[in-house]
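[1] Pasting the sequence and the predicted coordinates here, then a few questions.
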Amino acid sequence: MEESLYNFYNLFVNSNLLEDLYQEELLSPLTWTAIGIAFVVAFAFYIWPLNKVSFSGMGHWLLMMGISALSMFVISLVTLYQKAGQEIPRDESDLEQGNLFDEGVSVFLSYSFTMALLTAVIFFIISLILKNFSKNAKHRPMLWPSK
């Protein structure tokens, strides 16, 4: 699974950072975290505890999507900074190659933003699945497809 995620992320993530994430085996956990956050927030909106008539508007749905994306942005950024702080050498035998996760702030921010967008897309897909289980938010994010 790690290799297929590597090929997917290779389309839009910095190759040096992607190599570091692959070497530290962080691609799968961060992807599962994105899926989990999107599912938990969508579950809270459509099933319980926020499934109320007063909280079923499009603005609230966008707020929940933003919360899931922002949560993943913060989690991935903190994870990258923690790994950068550990100063793990790229090669134990040749210390002149530098450390893992030494790409810099702009690469970390772009990766975190990418993960936030991915979480928003996953939230949208999960919303299309869970909206049929809701009594109050059947028409969020859109009327189609509903029962």
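    Thanks, I have it.

[2] Quick check: pLDDT value at the closest residue in space to I47 that isn't next to it in sequence.
    Sequence neighbours aside, F133 is the residue nearest to I47 in space, at 6.0 Å (criterion: Cβ to Cβ, 6 or more residues apart in numbering). Heads up, the C-betas are built off the backbone N, CA and C, glycines and all. Looking at F133, its pLDDT is 79.

[3] pretty sure F133 contacts F43?
    No. Applying Cβ atoms under 8 Å, one finds F133 not in contact with F43, separated by 9.3 Å.

[4] higher neighbour count, those two?
    F43 (16 against 12; other Cβ atoms under 10 Å).

[5] that's a helix at the more buried one, yeah?
    Yes. Secondary structure assignment places F43 in a helix (DSSP: H, G, I helix; E, B strand; the rest coil).

[6] Which helix or strand contains the residue nearest in space to the middle of the chain?
    Geometric centre of the chain, nearest residue: A34, 3.4 Å, by Cα atoms, centre = their mean. In the assignment (DSSP states H and E), A34 maps to helix 27-46.

[7] Next, the angle from the very next helix or strand once past that helix to helix 27-46.
    Downstream of helix 27-46, the first helix or strand assigned by DSSP H and E is helix 58-85. Relative orientation of helix 58-85 and helix 27-46, computed by axes from the mean of the first three to the mean of the last three Cα atoms, to 10 degrees: 160 degrees.

[8] returning to that earlier point: for the residue nearest to the centre of the chain, which non-adjacent residue is closest in space?
    T119 (4.5 Å).

[9] which secondary structure element contains the one you found?
    Using DSSP H and E, T119 falls within helix 105-130.

[10] Poorly predicted segments of the protein, please.
    Applying pLDDT under 70 to the chain flags the ranges 50-54, 95, 135, 137-139, 142-147.

[11] So which bits of stretch 42-62 are buried?
    The neighbour-count check on stretch 42-62 (16 or more other Cβ atoms under 10 Å) flags 42-43, 45-46, 50-51, 55-56, 60-61 as buried.
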